[in-house]
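1. okay, sequence plus prediction incoming.
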Amino acid sequence: MSKDRYKRKILLLVFIIILAAWGVLHLYQYTKMKNNLNSNISYIGTIIRKDFNSNITKTQKEYSYRTDKVLKTEGIIEAFTSRDREKLFKLLNKSYQEQKSIDSFLKIVTFRLPDGSAFLRMHKPEMYGDALNKKRTIIMDVNREQKRLFGFEIGKLKMSYRVVTPIFHNSKYVGLVEIGISPKKFINNISDLFDVKNALVVKTKATEVSLDKKEYFSKNEFSLISDDKTIQEIFNLAFTEYADKRVFLFTDRDNGIDYMIGNDLDLLNQNNQVVARVLLAHNITEVIREYNRTLYETVLFVMILSIVVLLLLNFSFNLYIKKINESEELLKTIFDTTTESIGILDLESNFLLVNRAYENMTGFTKDELYATSCKALTTPDTLEATKDVVSKVLEKGSYLGFEKSCIVKDGRKIDVLMNTVLMPDKERMLVTMHDITLQNIEEKEKIVREQQMLQQSRLAQMGEMISMIAHQWRQPLSAISTTSVNLKLKIEMEAFDLSSKAGALECNNYFLERLDRIDDYVETLTTTIDDFRNFYKQDKKRVVTSFETVVSKSLSVIEASLLSDDIEIIKEYNSDKEIELYDSEVMQVVLNIIKNAQDNFKEREIENPYIKIIIEDKTLSICDNGGGVPKEILPKIFDPYFSTKDEKNGTGLGLYMSKTIIEDHHNGKLLANNIEGGICFKVELGADDD
């Protein structure tokens, strides 16, 4: 074989090796870039969608709270109900202007009458009287359903997110108030979190729509709310050439920018129908450039170092490390920009790594956190429980939904919800925390309000209970008085011959017998007082008892009063099943229902009144023949401060607190249904009381 021929073969072999190596590495880099890109875009899209949905939920709560607060302002509902537009505007204008000054997203505040006509536009008070009841579906739905609705809606001139709240006056529907919020509130921060272009795409029936008094680019029943030429080109491709693809690549030739396009966010109306979309364009220019640069370097290095395997391996290793560093940098960016507080701890709960949200939640810097531990920031009252959670994490691998208290930098105590997962190396723990302090405060305030109303209800019964005790004591006191007088007469009349043994014995037996009777009467009085005292004692403990026992205690307090009013008590006890409950609270429920029936008998002058008490397993029914409750107000009898009695005789808290006691304190149900000739209340206790 000649040297030239051998040389050509060697060169050809080297060329083939280089070509094969380049092809393999090119395919490897392309696949890796594609997978990483898709993974990152998908992950970022998930975060954006989560943040977007969270923002909508927060907006619903925020503007619902604002609306409710305004409607509770003195004079607002009265002015609206009386159709005094000028007064309503004066009452609202100051707070409206204040809100506008601090909330640039608030665009529309309109009060509408039940027929849908605009009564007052705070943003344009000179415009009113137009009827939209046949054009605006959310207005029609609120008028029909009379409940608050949320959703995006395309108005005559604007696309906005609507919070529409029904208004009631004296339980009568009198109209509604709608709040319009700019969609920018939900999509502006997307570009702040990531390098993403976004634009609002509105769904319309016409090929062209006029929004904000501008003509926008329209295609296939969608209109683009953007003047950006690049976005318009992306929009055109998204709704024509790539209409069936969720994701596609777009290159802006004029500016040399590459975008990954995805219609990730749907904007829904009150009926969960898509009325618009947020078009997301992820800037992946640097990723593409990095890929092209890497490809060039790979070819260059393979050509130079193809003969030396060690250098080739060294190049591949360095390239791999570089890509890992880039991925770690991206993950670090995501880690520090997420709003969820995340920390990595060792098995002793010392901080190894925390994100920016963790700093914001605690007020400590990262360096300060790295110098301490999660246990050190835990309040003493939850420290032992925290240690138990760590033990369970080491044993089972995770523990979710643990509530504890932490001390932050300014000395405040916050409540957090903690999720802990043991990492794959079993040497570290991943912890995510949510500050639930405000949520717990609201829950505690609710409990305090509930306790106050319960006490108010009990105090309202105090006079009635004292009257019942008077009925209970009348007969024993009369008997004691009669026995005492009888004994005095016997003494004064010297009715016994004490000189004889038989006479003395007769006297002794006579007096002992009547003194025993007095003891029995006193015992009756004492029992009545004990029942009264137990009913009003403040300690709240569950006891194991039965419906029959609770009913018997209740009747011991009120039965004399019922008998004095000629009310018959019919008992049908079919079960003596023991139940764990708060007996004094359930007594209050029984007394509330029975006393309401007694008052109703008197008010309606019912002949032959009776109350029938039925016990079956874990169900207690109390029925009467008092004529029942009018059908139109039956659903309202459990509302707070609702009463069919006048102000002198009723607080409107009895049945409300009874329902709270059964449903909130005992996980049960309190139901009321009219029956033939009367009404029947049914108490059903839940499964947790087994």
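-> Sure, I can see it.
2. how about Thr251, what does it touch?
-> Applying Cβ atoms under 8 Å, 6 or more residues apart in numbering, we find Thr251 in contact with 257-259. From N, CA and C alone the C-beta is placed, and that goes for glycine too.
3. and those residues as TSV, adding pLDDT and secondary structure?
-> Shown next, in TSV, are the contacts of Thr251 (pLDDT from 0 to 100; DSSP: H, G, I helix; E, B strand; the rest coil):
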residue	pLDDT	secondary structure
Ile257	83	strand
Asp258	80	strand
Tyr259	78	strand
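4. among those, who's most crowded?
-> Counting neighbours by other Cβ atoms under 10 Å, Tyr259 comes out on top of the contacts of Thr251 with 21 neighbours.
5. leaving aside the residues adjacent along the chain, what's closest to that one?
-> Nearest non-adjacent residue to Tyr259, counting by Cβ to Cβ, 6 or more residues apart in numbering: Ala281, 4.2 Å away.
6. then Arg121?
-> Nearest residue to Arg121 in three dimensions, chain neighbours excluded: Thr110, at 4.9 Å (Cβ to Cβ, 6+ apart).
7. host element of the one you found?
-> Per DSSP states H and E, Thr110 falls inside strand 106-112.
8. pairing partners for that strand, with directions?
-> Strand pairing for strand 106-112, determined by DSSP bridges: strand 118-121 (antiparallel), strand 172-181 (antiparallel).
9. and the helix or strand following the first one, what's buried?
-> It refers to strand 118-121. Downstream of strand 118-121, the next assigned helix or strand under DSSP H and E is helix 137-145. By neighbour count on 16 or more other Cβ atoms under 10 Å, the buried set for helix 137-145 is 137-139, 141-143.
10. quick one, the host helix or strand of the residue nearest to Tyr259 and helix 137-145 angle?
-> Using DSSP H and E, Ala281 maps to strand 274-283. Angle of strand 274-283 versus helix 137-145, following axes from the mean of the first three to the mean of the last three Cα atoms, to 10 degrees, is 140 degrees.
11. can you show me the CA trace of the next helix or strand after strand 274-283 as CSV?
-> Next along the chain after strand 274-283, taking DSSP H and E as the criterion, comes helix 285-305. The C-alpha trace of helix 285-305 is given here as CSV (Å, rounded to 0.1, in the frame of the first residue of the first chain):
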residue,chain,number,x,y,z
THR,A,285,-32.7,33.6,22.8
GLU,A,286,-29.8,33.1,25.3
VAL,A,287,-30.6,29.3,25.4
ILE,A,288,-30.5,29.1,21.6
ARG,A,289,-27.3,31.2,21.4
GLU,A,290,-25.8,29.0,24.1
TYR,A,291,-26.7,25.9,22.2
ASN,A,292,-25.2,27.3,18.9
ARG,A,293,-22.1,28.4,20.7
THR,A,294,-21.8,25.0,22.4
LEU,A,295,-22.3,23.3,19.1
TYR,A,296,-19.5,25.3,17.5
GLU,A,297,-17.1,24.7,20.4
THR,A,298,-18.0,21.0,20.3
VAL,A,299,-17.1,20.7,16.6
LEU,A,300,-13.9,22.7,17.2
PHE,A,301,-12.8,20.6,20.1
VAL,A,302,-13.7,17.3,18.5
MET,A,303,-11.6,18.2,15.4
ILE,A,304,-8.7,19.2,17.5
LEU,A,305,-8.8,16.5,20.1
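12. now do Glu676: how many residues are near it, please.
-> Glu676 has 7 neighbours, counted by other Cβ under 10 Å.
13. repeat for Arg253
-> 7.
14. now it: how far from Tyr259?
-> 12 Å (Cβ to Cβ, to the nearest Å).
15. Leu249 too?
-> In terms of Cβ to Cβ, Leu249 sits 7 Å off from Tyr259.
16. what about the stretch 351-500 of the chain, any weak spots by pLDDT?
-> The stretch 351-500 of the chain contains residues with pLDDT under 70 at 444, 446-479, 481-483, 485-488, 490, 492-499.
17. for it, which segments count as strands?
-> Using DSSP state E, counting those that start in this stretch, the strands of the stretch 351-500 of the chain run over 351-354, 398-407, 413-422, 428-435.
18. for Leu120, find the nearest of these.
-> Each of the strands of the stretch 351-500 of the chain has some distance to Leu120 by Cβ to Cβ; the shortest is strand 428-435, at 38.9 Å.
19. and the closest one, what does it pack against?
-> Using 3 or more Cβ pairs under 8 Å, 6 or more residues apart in numbering; DSSP states H and E, the elements in contact with strand 428-435 are strand 341-346, helix 356-362, strand 413-422.
20. same list (these) but as a markdown table, adding mean neighbour count and distance to Thr378.
-> Formatted as a markdown table, those follow (neighbours: other Cβ atoms under 10 Å; distance: least, Cβ to Cβ, whole Å):
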| stretch | mean neighbour count | distance to Thr378 |
| --- | --- | --- |
| strand 341-346 | 18 | 12 |
| helix 356-362 | 19 | 12 |
| strand 413-422 | 18 | 10 |
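21. for these, which one sits closest to Glu384?
-> The closest approach between Glu384 and any of those, judged by Cβ to Cβ, belongs to strand 413-422 at 14.9 Å.
22. let me know the angle separating that closest one from strand 428-435.
-> If you take the same axes, to 10 degrees, strand 413-422 sits at 150 degrees to strand 428-435.
23. who does strand 413-422 touch, helix- and strand-wise?
-> helix 380-396, strand 398-407, strand 428-435, helix 437-492.
24. CA atoms only for the first one - export them in CSV, please.
-> Yep, that's helix 380-396 we're talking about. Presented in CSV, the C-alpha positions along helix 380-396 are these (Å, rounded to 0.1, in the frame of the first residue of the first chain):
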residue,chain,number,x,y,z
PRO,A,380,-41.3,26.7,73.7
ASP,A,381,-45.0,25.6,73.6
THR,A,382,-44.6,23.9,70.2
LEU,A,383,-41.0,22.7,70.6
GLU,A,384,-41.7,19.2,71.8
ALA,A,385,-44.3,18.7,69.1
THR,A,386,-41.8,19.9,66.5
LYS,A,387,-39.2,17.4,67.7
ASP,A,388,-41.8,14.6,67.4
VAL,A,389,-42.5,15.7,63.8
VAL,A,390,-38.8,15.5,63.0
SER,A,391,-38.7,12.0,64.4
LYS,A,392,-41.6,11.0,62.3
VAL,A,393,-40.0,12.5,59.2
LEU,A,394,-36.9,10.4,59.8
GLU,A,395,-39.0,7.3,60.3
LYS,A,396,-41.6,7.7,57.5
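25. got the contact list for it?
-> Under the criterion Cβ under 8 Å, 6+ apart, residues 347, 349, 374-375, 378, 399, 402, 404-405, 418, 420-422, 429 lie in contact with helix 380-396.
26. hmm, 7 Å instead?
-> Here helix 380-396 makes contact (Cβ atoms under 7 Å, 6 or more residues apart in numbering) with 347, 349, 375, 378, 399, 402, 404-405, 420, 422, 429.
27. out of those residues, give me the one that has the most neighbours.
-> Busiest of those [other Cβ under 10 Å] is Thr420, holding 24 neighbours.
28. that one and Lys404 touch, don't they?
-> No. If you go by Cβ atoms under 7 Å, Thr420 and Lys404 don't touch, sitting 10.8 Å apart.
29. got a list of contacts for stretch 620-632?
-> By Cβ under 7 Å, 6+ apart, the surrounding residues in contact with stretch 620-632 are 547, 590, 593-594, 597, 600-601, 604, 606, 609-614, 637, 674-675, 677-683.
30. tell me the contacts of Ser484?
-> Contact analysis of Ser484 by Cβ under 7 Å, 6+ apart lists nothing.
31. the chain should start at 165 in everything you say after this.
-> That works, and once the first residue is 165, the last one we named lands at Ser648.
32. how close does it sit to Val178?
-> Plainly put, Ser648 is 130 Å away from Val178 if you go by Cβ to Cβ.
33. perfect, I'm done here.
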